[in-house]
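In: 3D, please:
(2 chains)
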Amino acid sequence: MVKVFIEKENKFVNVEASNAKEILTKLNINPETVLLARNNELILLETSLKNNDELKLLSVISGG
Amino acid sequence: MPCKNCLEKPVINLTNNNIKLCRQHFARYFERKVLKTIKDYKLIERNDKVGVAVSGGKDSLSLLSIIKQLKDKIKIFELEAIAIDEGIKGYRDKTLERAKKFCKDNDIKLHIFSYKEEFGNTLDNFLKKSDMKACSMCGPFRRYLLNKKAKELGFTKLATGHNLDDETQTIMMNYFRRNIETSARLGPITGISKDKRFIKRIKPLYLVTEKEVATYAFIKGLIDDFNECPHSSDSYRGDVRDLLNDFEARYPGTKHSIMTSFLEILPLLKESYKKSIPINECKSCGEPCSQEICQTCKIVEILKNKG
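Out: Modelled structure (predicted):
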């Protein structure tokens, strides 16, 4: 289970997934709209994730 | 799979050419791309006094950072920054603090003008007594102040942080709404060169995507959060943005294709529409506008009548 922090909504969710792409698909988030940070380092969609990893989704849309 | 140029872990996959780059090589790619845009479109020239419109967000701080590096290297132009404080509690106050710190740390003169001082109240308070959408009020106010104050400060160019996503959204919105004449005024450099009432606007981030800008701002430590404006409610732009992002995810390179196609036809559009937009002076404030009274003065009048 990966612990995911969605910055835009300021909330944590737990998601069962083996990589970041699966997480975005399950959360219905377009990969164009977020940066993916693990341990304060950016990762790619295909990066493998382990159980208990923490992933931060940073919204890239500023809108103003 | 590692970075295209070394064995380091990649931080981004560039969707238009499917290239993976690490922190260091992405930062170099990004800076070169922005500097190439400045050079190719002659956005900054010798003896220019460039004012960078800075909000403290990812776009404007990335832009200011790169133009500062360029200034330190070639030393042929002046650089200052200008910020507009709309009065958005919990949002703009935070981003402006970031802008102030960046400018102080990098020895850049920053000029701040507020809606409260210039128009009599904050955006938050104006919205409480008006049915107008926030962006419909804020957009004209901000453009008005930037143009007016940039002239007063003697800037020869006003640099804004518009990126490829912003521009492709505007291009498509203009198509969908049959506003092609408005598209004729777009491009990496805008403004009418011989009309001193308008400050020339330059957009050095024109060819980099929003995700690339965010990646650059993150790896350079320019911002620590990516929160968006609480009043951001332009649903039409939001819908076009979602549509383009959906297409980009399914057909990588879509946004770049829109931009490249647009840049091919832009000279023709400018030629077609160059005489069709008469520019008057607002009878109330004297600023340039296409009608008798400018949009900003009209909004101010409506707000006055609402007490």
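In: Spatially nearest residue to the residue most central in space within chain A, not counting backbone neighbours?
Out: Nearest to the geometric centre of chain A sits A:L57, at 4.1 Å (CA atoms, centre = their mean). Nearest non-adjacent residue to A:L57, counting by CB to CB, 6 or more residues apart in numbering or on different chains: A:V34, 4.6 Å away. (Each C-beta comes from the backbone N, C-alpha and C, glycine too.)
In: again, but for B:E181
Out: Per CB to CB, 6+ apart, closest to B:E181 is B:Y273, 5.2 Å.
In: And for B:Q291?
Out: B:N280 (6.9 Å).
In: how far away is the residue of the stretch 101-250 of chain B found nearest chain A from B:H162?
Out: Going by CB to the nearest CB, chain A is nearest to B:C229 of the stretch 101-250 of chain B, at 3.0 Å. According to CB to CB, to the nearest Å, B:C229 stands 15 Å off from B:H162.
In: Can you point out the helix or strand that includes B:D131?
Out: Assigned by DSSP states H and E, B:D131 belongs to no helix or strand.
In: List the contacts of it.
Out: Residues near B:D131 by CB atoms under 8 Å, 6 or more residues apart in numbering or on different chains: none.
In: packing partners for whichever strand or helix holds B:K116?
Out: In this assignment (DSSP H and E), B:K116 forms part of helix B:115-119. Here helix B:115-119 touches strand B:78-85, helix B:123-128, helix B:134-152, going by 3 or more CB pairs under 8 Å, 6 or more residues apart in numbering or on different chains; DSSP states H and E.
In: Please enumerate the helices of the chain.
Out: No chain specified, so I'll use chain A. Taking DSSP state H as the test, the helices found in chain A are A:20-27.
In: you looked at the wrong chain, it should be chain B
Out: Using DSSP H, helices in chain B cover B:23-40, B:58-74, B:92-105, B:115-119, B:123-128, B:134-152, B:164-176, B:180-183, B:210-219, B:235-250, B:254-273, B:295-305.
In: Counting neighbours, what do you get for the residue in the stretch 51-200 of chain B that chain A sits nearest to?
Out: At 4.9 Å from chain A, B:G57 is the closest residue in the stretch 51-200 of chain B, using CB to the nearest CB. Other residues lying near B:G57 total 26 when counted by other CB atoms under 10 Å in any protein chain shown.
In: now swap in B:E292 and tell me
Out: Each residue near B:E292 was counted by other CB under 10 Å, and the total is 12.
In: which non-adjacent residue is nearest B:Y206?
Out: Leaving aside its sequence neighbours, B:Y206 sits nearest to B:P188 (CB to CB, 6+ apart; 4.3 Å).
In: Wait, the one you found touches B:K39, no?
Out: No: using CB atoms under 8 Å, B:P188 is not in contact with B:K39; the gap is 11.2 Å.
In: picking that back up, need phi/psi at the residue nearest to B:Y206.
Out: With angles defined as degrees, to the nearest 10, B:P188 sits at phi -70, psi -20.
In: got a list of what it touches?
Out: B:37, B:41, B:43, B:202-204, B:206-207.
In: pLDDT score assigned to B:K275?
Out: Per-residue confidence at B:K275 stands at 73 (pLDDT).
In: near chain B, which residues of chain A?
Out: Counting by CB under 8 Å from any CB of the partner chain, the residues of chain A lying close to chain B are A:7-8, A:30-33, A:35, A:37, A:41-45, A:58-64.
In: which residues sit in contact with the residue in the stretch 1-150 of chain B that chain A sits nearest to?
Out: Distance from chain A to each residue of the stretch 1-150 of chain B (CB to the nearest CB) is smallest for B:V11, at 4.0 Å. Neighbouring residues of B:V11 by CB under 8 Å, 6+ apart: A:41-44, B:21-23, B:26, B:215, B:219.
In: What backbone torsions are found at residue 47?
Out: You didn't say which chain, so I picked chain A. Dihedral angles (degrees, to the nearest 10) for A:T47: phi -60, psi 130.
In: Nearest spatial neighbour of it, chain-adjacent residues omitted?
Out: Nearest to A:T47 is A:A20, by CB to CB, 6+ apart, at 5.6 Å.
In: wait, doesn't that neighbour sit right on A:L44?
Out: Yes: counting by CB under 8 Å, A:A20 touches A:L44, with 7.1 Å between them.
In: out of these two, which sits in the busier spot?
Out: Ranked by neighbour count (other CB under 10 Å), A:A20 and A:L44 place A:A20 first, with 24 against 17.
In: tally of neighbours for B:E271?
Out: With other CB under 10 Å as criterion, B:E271 counts 10.
In: Quick check: pLDDT value at it.
Out: pLDDT, B:E271: 89.
In: same deal with A:S48?
Out: 93.
In: Please apply the same query to A:S62.
Out: You'll see A:S62 listed with a pLDDT of 69.
In: Also B:D234?
Out: pLDDT, read off for B:D234, is 66.
In: Now residue 17: closest residue in space that isn't a chain neighbour?
Out: You didn't pick a chain, so chain A it is. A:I23 (4.6 Å).
In: sorry, should have said chain B
Out: On the basis of CB to CB, 6+ apart, the spatially nearest residue to B:N17 that is not a chain neighbour turns out to be B:G253, at 7.6 Å.
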